[in-house]
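Participant: how would this look folded up:
(one chain, ligands or ions: 3)
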Amino acid sequence: MSSASTHQPKILVAVVGVGLVGSELINQLLSIPPPLSPFKLVSLTSSSRSLFTGKESPIGPNDSWKSLLASSKAPADLKALTEQLKQLVGEKERVALVDNTSSEEVAAFYPTWLKEGINVVTPNKKAFSGDADLYSKILSASRESGAKFLNEATVGAGLPVIAPLKELLATGDKIIKIEGVFSGTMSYIFNNFSTGTPEGPAFSSVVAIAREKGYTEPHPADDLNGFDVARKLTILSRLISSMPSGSSLPSLQSFASVQTASLIPPALEGIPTGDEFIKRLPEFDDEFAKLRVEASKENKVLRFVGVVDVAGGQVRAGLEKYPTDHPFATSLGGSDNIIMFHTERYSPRPLIVQGAGAGAAVTAMGVLGDLLKLV
Ligand SMILES: NC(=O)C1=CN([C@@H]2O[C@H](COP(=O)(O)OP(=O)(O)OC[C@H]3O[C@@H](n4cnc5c(N)ncnc54)[C@H](OP(=O)(O)O)[C@@H]3O)[C@@H](O)[C@H]2O)C=CC1
Ligand SMILES: N[C@@H](CC=O)C(=O)O
Ligand code: NA
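Facilitator: Residues are numbered from 1 along each chain as shown. Ligands and ions are numbered 1, 2, ... in the order given. You can find the predicted model right below:
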């Protein structure tokens, strides 16, 4: 085989989190024919178990990775994993850890991994939208060791959002405003719930379907409270604020600093499990139906949008009404995200990115795309 990848040491990949996105990522990664693949899958960690094979006997496409992991006796242990991966980082070997969880505990390990020269690739928003201190530790650890952190799938899932934003900024364009529908869940919910007519499906029923389709966060309240959108806006804002032209943006201590209008009825705040939350939601269907009637009286639809207004120095997320002929009303379907970049160059017409913004296949594609950037 004359592929360049056969002449370069393969990137050793450890996957943490084997849920919806994690499983799909492993399947996509293992479907690259081994001689052509630039990767060796050397470790898997679920919330309870871990499997470490080392680079001499990586997990291959013919292995049943689920059975291998299920039969492993080793408990999940991120400190032990760090020690194992440290041994693999060498002059020629490169190691990438893929975090497919939504765990803060896993996110807190990024500075350690990066310092050890382990690249971090992830769709998990927690680290980049959480406490500013963790974010700055991630930046400095990456600078110190040269290991990269890549998080394209944190915003718009597989859609190119982070990469074009970085390119706009790096080439000297100035961002005026980014606005759009950033949540696949909220998009699915309102594309189906609010179509401009006073009638339609019950709010709780479309939320339940969005969950079944794999669009929601592990706990759907994390979508409905607007925090998922606030996290995505924080990730974009922090990239913009790193440039002098973004200095008018407020410096966000965390996603909680974003002005966010939650859709969670107060009585459902703090419900610990997603199942219970979904069970109680029908109690509030009438309240949501009223919002739909009000919007339809104005010939409008409801959409949950996010805005990073650089010129106005504001970052906000909330439910808005749009005329039935607005692109947010006419051009979105399924879990579509639409992201409009208004910049000095892309003005008066914005650069627009649109397509499925949630779901296992497209999210895993975004993660695998980031892994391929390391090659
Ligand atoms: N689904 C989507 O469309 C998108 C998801 N994302 C992000 O991708 C990530 C994964 O989402 P998704 O796959 O849908 O969620 P899932 O709940 O299906 O998967 C998350 C997995 O992480 C595991 N996990 C939790 N804590 C740990 C830990 N400490 N160590 C190892 N594994 C752990 C859970 O294991 P267990 O089941 O045993 O608890 C679970 O299987 C999230 O951060 C989400 O925000 C981003 C874009 C789109
Ligand atoms: N729950 C999120 C998943 C992607 O980030 C969404 O609905 O957009
Ligand atoms: Na993306």
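Participant: tell me the spacing between the residue nearest to Gly60 when sequence neighbours are not counted and Ile235.
Facilitator: Using C-beta to C-beta, 6 or more residues apart in numbering and skipping residues adjacent in sequence, the residue nearest Gly60 is Pro34, 6.4 Å away. From N, CA and C alone the C-beta is placed, and that goes for glycine too. Distance, Pro34 to Ile235, by C-beta to C-beta, to the nearest Å: 34 Å.
Participant: neighbour count: those two, which is higher?
Facilitator: Ile235 (24 against 14; other C-beta atoms under 10 Å).
Participant: quick one: is stretch 356-372 near ligand 1?
Facilitator: Yes: counting by C-beta under 6 Å from any ligand atom, contacts between stretch 356-372 and ligand 1 involve 358-359, 363.
Participant: so Ala107 sits right up against Asn124, yeah?
Facilitator: Yes: assessed by C-beta atoms under 8 Å, Ala107 is found in contact with Asn124 at 6.0 Å.
Participant: which single residue in the stretch 251-375 of the chain comes nearest to ligand 2?
Facilitator: Ala358 (4.1 Å; C-beta to the nearest ligand atom).
Participant: centre-most residue in the chain?
Facilitator: Ranked by distance to the mean C-alpha position of the chain (C-alpha atoms, centre = their mean), the top residue is Thr154 at 2.3 Å.
Participant: surely it is in contact with Lys232?
Facilitator: Yes: applying C-beta under 8 Å, one finds Thr154 in contact with Lys232, separated by 6.9 Å.
Participant: tell me, what's touching those two both at once?
Facilitator: When C-beta atoms under 8 Å, 6 or more residues apart in numbering defines a contact, the residues bordering Thr154 and Lys232 alike are 125, 129.
Participant: so which bits of this structure are right by ligand 2?
Facilitator: 157, 183-185, 215-217, 223, 228, 357-358.
Participant: run the last query once more with 5 Å
Facilitator: 183-185, 215, 217, 223, 358 (C-beta under 5 Å from any ligand atom).
Participant: what is the lowest-pLDDT residue among the residues you listed?
Facilitator: Lowest pLDDT within these is found at Glu217 (91).
Participant: wait, that one touches Leu224, no?
Facilitator: No: with contact defined as C-beta under 8 Å, Glu217 does not reach Leu224; the gap is 9.5 Å.
Participant: which of those two has more neighbours?
Facilitator: For Glu217 versus Leu224, the count of surrounding residues by other C-beta under 10 Å is larger for Leu224: 26 against 20.
Participant: so that one is in contact with Ala210, correct?
Facilitator: No: contact criterion C-beta under 8 Å: Leu224 and Ala210 do not qualify, at 9.8 Å.
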